[in-house]
Every structure is written in structure tokens, then in C-alpha cells.
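Participant: Give me coordinates for this.
(chains A and B)
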Amino acid sequence: MKVARQELVAGRALLAVLIAITILPFLSIFTTALYPSGSVPVGVSWPADPQWGNFVDAFKVANMGALLASSVFIVLAVVPISLVISTMAGFAIGLLRIPGARLLLLLFVFGLTLPFEGIITPLYFLARQIGILNTRLAIVLPLIGLFMPFAVFWMRAHFVNMPGEVSEAARVDGASTWDLFWRIHVPLARAPIASLGILMSVWAWNQFLLALVLVEDPTQRTMAGGLGAFQGHYATDIPLLCAGTILILLPTLLLFVVFQRHVIAALLQGSVKG
Amino acid sequence: MQGVRRQTFVGWLFVLPALAMYGLFVLQPLALTLQYSFYRWDGVGPATWVGLSNYAAMLTEPKLVETLFNAFRLVLFFSVVPVALGLVTASVIHRVATGRLGAVSRTVLFLPQVIPLVAAGIIWGRLLSLSGLINQGLTAIGLGDLARAWLGDFDTALPAVGLIGIWVLLGFCTVLLLTGMSKVDAALYESARIDGAGWFREFRSITLPSLRQEIGVCLTVTIIAALAAFDVVYVSTGGGPGNATAVPGIQIYILAFLERQVGLASALAVVLVILVLLVILPIQRLSRDDAR
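Facilitator: Predicted structure coming up:
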């Protein structure tokens, strides 16, 4: 590699600065979280007497146990159902190429750029009308619908590239369409299904707007929604708010560190396909 | 013949669940948004047909004009800066940090992308506050006079929110562009370096043209993030002070759920949906029709 020494130094300095800018905010809320509850600490500084108990308090005050359970419930309800029905649809549109497949694809693609705010108002009245307002279903059902454009588009992109011979061989052996789907094509689609699962889990976990509008009780919301409520109540107690924020960040950060490569790969592919 | 018809029927059954969920919880509300937008309705009592007057308000009511204008100002921060800075950062990593440093930078820069935007808003709300790190830094280098509550000041609130967007989106752009760069033929770079091409030459004549598609994707994602911004703004400023950081997402929420002006909120929602499409479609076209 022929890179001038000067450039090497300048380049690495730039990266170091950017890394610092990314990390410092996390560090700042961490040190703040250790100050006595109710105080107003300045910037980044280590407290004389670190209050580790703030984390325990925040856990109790934010009802973190219930909040975690609620988020897990929402993710476990949204993601598997979305995976199954979008894989089925992607299979029919991309591989079976049913009549009207192009039109269907166009219909789903239309939803790809739709901002959630575009439908949030009627969603509120709809949820109230069918009696699911203020229940987790009010987050789960719309979220499945909102994930469909991307999920179907994603799975269709996989199935459209599958060679036809695979299906023909199975057809000759007398397999039904369901067998063809479940026994042959789903196992072959494991990789894109896994990536899609990661993506939708992150999105569901971080979903805020639906939780804010459709569910009043913070303990029935997603993690992000619960954090929003927590901020509303404890905006003035800065150390406690920071401790709560860290607790809510922790699961996502841990998962990211463990599955780093998969998450990055999935998020990038996701955006390229979309 | 009957077999084919049966297969078509079965095929449609496969699409049906996805289509039903999409239809019920996305297309139906979208149609309702359009319908509401022609009415004046407080969400409880009877609705009155008002034709296009909610749309006319977009252009005449200062509060709403400012909201739309803010959305475009936010694009500058959420989109233009991260993509430009991301290009620079990615090419720096590509040129001088292929080893451990590159891998670490990639992971760290990506972190803000995985945390909930609400958390990003809270973290930066703290940093930009009167007693936050930004002011601490300014005071330390003797610029204490500049210190202020950045998110509470009419002049600085929107750029401050924009800064949060940059922090969140820079890593995403960098990593995506970097992936694109690693796909470019290494021989191209090699020969450019043998010719003694500097950083800028290499960047302009090899990197930029080969990354058209990736740049298109970055612009698409970040522009949608800007125009449809909600979470970060809601927790950091709530649209204030005054209307200084009110963007369409926030304004829709305020109008529909706090001020009970459902019709006006819906008209703004329709405008937002169309606006996103109008901005995104040409970018998609430009970045894709280049056969690679």
C-alpha cells in the first residue's frame, strides 16, 4: 500500500475523533447516572460517591420487569407471524408467479416508503372501534401489517432467484404446493428468513410511535415506548433518567455485540433491497 | 386445465394472510387518512365536509408552512451531512485503516443505529442541556460565552436536533458505503496509487462513480428518516421552542391527539406521504438506471 505517512496520520486522527464522538454520549449518561438522584451533574465527570443504587431505583420505578416482558411478548407475537405470512406471500409471488403477481408486488412496494405517521390517526380510531385500544394487540396487529411491504418484498427477492428445477423435481414426485413450500423451499430460505427475523425484531423492539399513541399504560408497551413514558415522568431527575435509559439500552446493546455481524449485515441488506 | 386453476387458487391462498394484514392495518387506514383530510372533525362529534380547505391551510397557516419548511431543513442535517461525511469516513477507512482500527471504527460508528431513537433523543437531550457535555467543552476551551440550552433556543434548536440525526445516521452511511467500496475492483485503486493519485483524485474518479447505487440507498434511507422524523424530536424538544423544531410527524401527532383537529392532521399526513414519494422516486431512478 502506497499511502503517504501524513495521510495515514490524518486519516487515523479523523477516525479516532469520530469514535470519540460516538462513545462520549454513552459515557456522559453513564457517569451522570451515578450522581445522587435529583442533582444536576455537569457534563462528563466521575462522581465523588457513585450511586450504583440508581440503577436499582430506575429498574423499580420504570417497572422494568413488566416492560421487558411486554417487549418480549410483542416481539414474539409480531416476528414469527410476520415471518410465516410474508414468506408464504413471497413464495407465491416470486416462485409460483400466480396470475396478478406483478400487481400484488406493486401494491406491496407502494407501502415501502410509507411513513407510519401517514396512518397513525386512523389507526387510533380503528383500534378504538374494534376494542383493542390500550392492549398490546393494538401494537402487534398494525405492526404486522406495516412490516408486510418490506417483508414480502424481501422474501420475494429470494424466491424469484430460485432455479425452477428444484420445484419441478418435487412436483414430479407428486408434492402438493404446501409440501413444496414447507419441506423444500422454507429450509432453503433459512438465511434470508433469519436476517428478516433480526431486522423485524430490532424494529419492533424500538417501535415508539405506535406504542405512544395506541397504548396508554407504559408497562404494556415496547421498550422504546416505555422509555418515552419514563422520560415524561422523570425528566427533572436527570441521574435517574440516565440510569433508566442505560437499563433500556442494555438488552439491545448486548444483543448487538453478540450478533454484531449478523445485525449489521441484515440492516445493510435490508436497506439495499428496500 | 383444472389443475392450473387449482394451483392459482392455492397460490392466492398463500398471499391472502399477508395481503389481509396489509390491507386491514395499512391500506384501510391510508384510505381513511385521505377521507378524514376532507373533513373538519374533533374525533368525537359529527364531521363536517370542508373540501380542500385543510390542504389550503398547508399553504396559508404559518404554523403549517413552517412545519413543512422544517422538514426540508432537517434533510440537510439528516441526509446531506451523514452521506457526505460518510463518504469521507468510508474512504479513509478504506485507505488507511484496513486492519483492526477499521473493524473497530465500523462497529463503534454503527452503535447509534441499533439503539432506540428515543434513547438517542434522551442521551443528546442531556448532552445539549445547559449543564451538558457540549457546554462543558465550550467552557473548557474558553468559549463559555456561547454556552446555552441548545435545544431550547429558537436559533439553535433545529440544528441541534439535526446533530442528533447526524450522530445516528453517520455510522449507517459509512458502513454501507464501505461495503460498496470493497466491491470495487481493487486493481483500479492499485493502479491509481501507482500513478501517485492522492486521496482526492482517487475519491473523485474511482470511488464516487462506482458508488452510485449505495449513495442512492443512503440518500433514500436518510431522507425518509428526516421527512418522517418523530421519535428523536418528540423526546428532545417536542417540536418546540414555539414551532422551531415542529416537523410533519410531530405536528400530525399534536394536531390529531392534543388539539383534536383530525382533518387537518390527516391532510398533513397525506402531504407527508406524497412528499416522501416525490423526493424518493427520482433518487431511485437516478441511482438504478445506471447499469452496473
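
Participant: SS state for the spatially closest residue to A:Thr219 that is not a sequence neighbour?
Facilitator: Excluding the flanking residues, the one nearest A:Thr219 by C-beta to C-beta, 6 or more residues apart in numbering or on different chains is A:Ala66, at 4.0 Å. Using the backbone N, CA and C atoms, a C-beta is placed for each residue, glycine as well. Secondary structure of A:Ala66, reduced to three states by DSSP: H, G, I helix; E, B strand; the rest coil: helix.

Participant: Mind listing residues that contact stretch B:126-143?
Facilitator: The contact list for stretch B:126-143, computed with C-beta atoms under 8 Å, 6 or more residues apart in numbering or on different chains, reads A:24-25, A:28-29, A:32, A:40-44, A:238, A:241-242, B:144, B:146-151, B:160, B:163, B:236.

Participant: buried sites along that stretch?
Facilitator: Under the neighbour-count criterion of 16 or more other C-beta atoms under 10 Å in any protein chain shown, stretch B:126-143 has B:Arg126, B:Leu127, B:Leu128, B:Ser129, B:Ser131, B:Gly132, B:Leu133, B:Ile134, B:Asn135, B:Gln136 buried.

Participant: any low-confidence regions in the chain?
Facilitator: No chain specified, so I'll use chain A. By pLDDT under 70, the weakly predicted segments of chain A are A:1-3, A:272-274.

Participant: Chain B is the one I meant
Facilitator: Judged by pLDDT under 70, the stretches of chain B that qualify are B:1-3, B:288-292.

Participant: residue closest to the middle of it?
Facilitator: Of all residues in chain B, the one closest to the mean position by C-alpha atoms, centre = their mean is B:Ala225, 1.5 Å from it.

Participant: ok, stretch B:39-52 near chain A or not?
Facilitator: Yes. Looking at stretch B:39-52 against chain A by C-beta under 8 Å from any C-beta of the partner chain, the contacts come from B:Gly43.

Participant: before we move on, the earlier item: ok, of the buried residues of stretch B:126-143, which one's closest to chain A?
Facilitator: In terms of C-beta to the nearest C-beta, no member of the buried residues of stretch B:126-143 lies closer to chain A than B:Gln136, at 2.9 Å.

Participant: Would you mind writing the CA trace of the helix or strand that closest one falls within as CSV?
Facilitator: Counting by DSSP states H and E, the secondary-structure element that holds B:Gln136 is helix B:133-140. Listed next in CSV are the C-alpha coordinates belonging to helix B:133-140 (Å, rounded to 0.1, in the frame of the first residue of the first chain):
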residue,chain,number,x,y,z
LEU,B,133,-21.1,18.0,27.8
ILE,B,134,-21.2,20.4,24.9
ASN,B,135,-21.3,23.4,27.1
GLN,B,136,-18.7,21.9,29.4
GLY,B,137,-16.4,21.5,26.3
LEU,B,138,-17.1,25.1,25.2
THR,B,139,-16.2,26.4,28.6
ALA,B,140,-13.1,24.4,28.7
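
Participant: Toward the C-terminus, what is the element adjacent to that helix?
Facilitator: Sequence-wise, the next helix or strand beyond helix B:133-140 is helix B:157-183, with elements assigned using DSSP H and E.

Participant: what helices or strands is that following helix leaning on?
Facilitator: Where contact means 3 or more C-beta pairs under 8 Å, 6 or more residues apart in numbering or on different chains; DSSP states H and E, helix B:157-183 is packed against helix A:5-33, helix A:260-273, helix B:62-75, helix B:81-96, helix B:100-114, helix B:117-127, helix B:212-227, helix B:231-236.

Participant: Minimum distance to A:Leu210: which of these has it?
Facilitator: helix B:231-236 (11.2 Å; C-beta to C-beta).

Participant: tell me what that closest one is packed against?
Facilitator: With contacts defined as 3+ C-beta pairs under 8 Å, 6+ apart, helix B:231-236 has these neighbours: helix A:223-234, helix B:117-127, helix B:157-183, helix B:248-253.

Participant: how near is B:Val96 to chain A?
Facilitator: In this structure, B:Val96 and chain A are 4 Å apart, going by C-beta to the nearest C-beta, to the nearest Å.

Participant: That residue and B:Leu208, how far apart?
Facilitator: When C-beta to C-beta, to the nearest Å is applied, the distance between B:Val96 and B:Leu208 equals 18 Å.

Participant: These two: who's more crowded?
Facilitator: The neighbour count for B:Val96 versus B:Leu208, taken as other C-beta atoms under 10 Å in any protein chain shown, is higher for B:Val96 (22 against 13).

Participant: Please give me every residue in contact with the residue lying closest to that one once chain neighbours are set aside.
Facilitator: Distance criterion C-beta to C-beta, 6+ apart; nearest residue to B:Val96, sequence neighbours excluded, is A:Gly11 at 3.7 Å. By C-beta under 8 Å, 6+ apart, A:Gly11 lies in contact with B:Val92, B:Arg95, B:Val96, B:Ala97.

Participant: Also B:Leu74?
Facilitator: When contacts are counted by C-beta under 8 Å, 6+ apart, B:Leu74 touches B:Leu158, B:Val161, B:Gly162, B:Gly165, B:Ala226, B:Leu227, B:Ala229, B:Val247.

Participant: So which of those residues is the closest to chain A?
Facilitator: Distances from the contacts of B:Leu74 to chain A were compared by C-beta to the nearest C-beta; the smallest belongs to B:Leu227, at 7.1 Å.
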